[in-house]
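Asker: Here's a sequence, model it:
(chains A and B)
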Amino acid sequence: MAEKTVRLKIKRQLNAESSPFWEEFEIPHGPSMNVISCLVAIQEHPVTRSGKKTTAVAWECSCLEEVCGACTMIINGMVRQACSALVDNIDQPIVLEPMTKFPVVRDLVVDRQRMFDNLKKVQAWVPVDGSFDMGPGPKLEESERAVHYELSKCMTCGCCLEVCPQFEKGNDFMGAQIISQVRLFNFHPTGAALKEDRLHSVMGKGGVAECGNAQNCVEACPKEIPLTTSIAEVGRQVTLQVMKDWFRK
Amino acid sequence: METVKDNSFFYRRLHSLLGIIPLGLFILEHFFTNSFAIHGATVFNDKIDFFASLPYLIVIELLFIFIPLLVHGIYGLYIVYTGQANQLQYGYFRNWMYLIQRVTGVILLFYIGWHVWTTRLSALFYGKEVSFDMMHKMLASPVVFWWMVVGVVCVSFHFANGLWSFSIVWGITIGPKAQKRMGYITMGLFVILAVVGVKALLAF
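Answerer: Residues are numbered from 1 along each chain as shown, chains lettered A, B, ... in the order given. Below you'll find the predicted structure:
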């Protein structure tokens, strides 16, 4: 009997400027394999299915437990993390493609800088830097903490942006990930100090108003973050902010 | 690092508001008034005469119908242009609704353009009489009848589903349960409006 194998079809691209091409691989099947271990096997023996020698496929990964988001790619047409994509649970050939909404660096590696730039734009942090000890922060109610925790699970993987029909390479839309972080930090007792600044940021170009309510984000989020609730909540905060700006200033 | 300040937020929210006030309210009034056709030509023509006799009619039409229609339609077309459909890859229910909202919107640009011309502007410019009889003659053509059924169904959907997203945009329905409930209510509204609209067409 022939040895059990895993077949993969990978969309490759040697650098940011070159055109993509497909290569097929067939590697020995092992127990409890995930897509990352397949890529490791290809790296060790970079030969295509037809026996042609090739370069190792480039990818990114770090935590290997679906909390860092680095290995996000499109697997069998669905954006997800390669570490939690178990070979025995998915169809073969396993088709791997880089995310389409971010510029490709090489093979499966994309540049997701835009997400981090947007986090800076909306000041997605708690402002506690100072020259003296400010003491302990205010305590949170348990019910609030539970919501905070859900929102803080965001790992900036970009799945919500990949599936969003309004988030494109060429536009400015920030997307669900950013809007949800605005909600998280506006909601934080100390983070709320920057609430108006954040709301004004998401009222600018690429802000919350550009959401088209297709709600793919909440379906795709691997951490099951209530992204559409965040969008509506920030929508409400922005509505109230507009009233404040128009009638109280 | 700062976001660029521009008017896109204002236009987006204006687009959203105009879809409900005044356009949505006008659709309700328009469908209701047209339903008087069920009671025959005299009753319907009386209603037309009533509206034709309204003081400041042109101002009302311009301010509450014509200009909002233009702004909502043109900016809506721009919104369609900013999106990229991906239903084949991600065929979630809401994603399909997103696409249908845009498709009906584009159909309605053509439909309403034609409708405003045939039943209002041609009367204004060429003195063509708008009456029960005129509608009766127009709808005798199966092409016109089915085209108007398409228009009625599209506008019913676009308004009802637009009300659903309006509720999210302005922060009225926040959680998934509230949004789902609103989904049932607005789809109910869609069916009711479509039935009322088609019944009015059949009355001519």
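
Asker: ok, residue 191 - contacts?
Answerer: This is for chain A. Applying Cβ atoms under 8 Å, 6 or more residues apart in numbering or on different chains to A:Gly191 gives the contacts A:Trp125, A:Val126, A:Pro127, A:Leu184, A:Phe185. All C-beta atoms are positioned from the backbone trio N, CA, C, and that covers glycine.

Asker: that answer is for a different chain, and I need it for chain B
Answerer: B:Ser156.

Asker: what kind of secondary structure is it in?
Answerer: Here B:Val191 is recorded as helix under DSSP: H, G, I helix; E, B strand; the rest coil.

Asker: So which of the contacts of A:Gly191 belong to helices?
Answerer: Mapping the contacts of A:Gly191 onto helices (DSSP state H) picks out A:Leu184, A:Phe185.

Asker: out of the contacts of A:Gly191, which is most surrounded?
Answerer: Using other Cβ atoms under 10 Å in any protein chain shown as the neighbour test, the contacts of A:Gly191 are led by A:Phe185, with 24 neighbours.

Asker: didn't A:Met115 look like it was pressed against A:Gln177?
Answerer: Yes. Contact status for A:Met115 versus A:Gln177: in contact at 6.2 Å, counting by Cβ atoms under 8 Å.

Asker: So B:Gly197 belongs to a strand, correct?
Answerer: No. Counting by three-state DSSP, one finds B:Gly197 to be helix, located in no strand.

Asker: ok, back up a step: mind telling me the two of the contacts of A:Gly191 farthest from one another?
Answerer: Based on Cβ to Cβ, the longest span within the contacts of A:Gly191 runs between A:Pro127 and A:Leu184 and measures 14.1 Å.

Asker: follow-up on the earlier one: compare neighbour counts for A:Met115 and A:Gln177 and give me the winner.
Answerer: Shown here are A:Met115 and A:Gln177; by other Cβ under 10 Å, A:Gln177 has more neighbours (26 against 19).

Asker: List the contacts of the more buried one.
Answerer: If a contact means Cβ under 8 Å, 6+ apart, then A:Gln177 has A:Met115, A:Asn118, A:Cys154, A:Thr156, A:Gly158, A:Cys160, A:Leu161, A:Leu227 as its contacts.

Asker: Restricted to helices, list these.
Answerer: Among the contacts of A:Gln177, the members found in helices (DSSP H) are A:Met115, A:Asn118, A:Cys160, A:Leu161, A:Leu227.

Asker: All the helices of chain B, in order from the start?
Answerer: Under the criterion DSSP H, chain B contains helices at B:8-20, B:23-34, B:41-52, B:57-61, B:67-82, B:93-116, B:122-126, B:132-139, B:142-169, B:176-203.

Asker: any common contacting residues for A:Met115 and A:Gln177?
Answerer: Residues touching both A:Met115 and A:Gln177 (Cβ under 8 Å, 6+ apart): A:Thr156, A:Gly158, A:Leu161.

Asker: hmm, back to that, of the contacts of A:Gln177, closest to chain B?
Answerer: Nearest to chain B out of the contacts of A:Gln177 is A:Asn118 (Cβ to the nearest Cβ; 8.6 Å).

Asker: Would you agree that closest one is in contact with A:Ala176?
Answerer: No. Assessed by Cβ under 8 Å, A:Asn118 is found out of contact with A:Ala176, at 11.3 Å.

Asker: between the two, who's got more neighbours?
Answerer: Neighbour comparison, A:Asn118 and A:Ala176: the larger count goes to A:Ala176, with 29 against 25 (by other Cβ under 10 Å).

Asker: for chain B, where's the lowest mean pLDDT among helices and strands?
Answerer: Using mean pLDDT, DSSP states H and E, helix B:122-126 stands out as the lowest-scoring helix or strand of chain B, at a mean of 86.

Asker: Any chance you could list what contacts that helix?
Answerer: With Cβ under 8 Å, 6+ apart as the criterion, helix B:122-126 contacts B:Lys128, B:Glu129, B:Val130.

Asker: Could you find the closest non-adjacent residue to B:Met134?
Answerer: For B:Met134, ignoring the flanking residues on the chain, the nearest one in space by Cβ to Cβ, 6 or more residues apart in numbering or on different chains is B:Lys128 at 7.6 Å.
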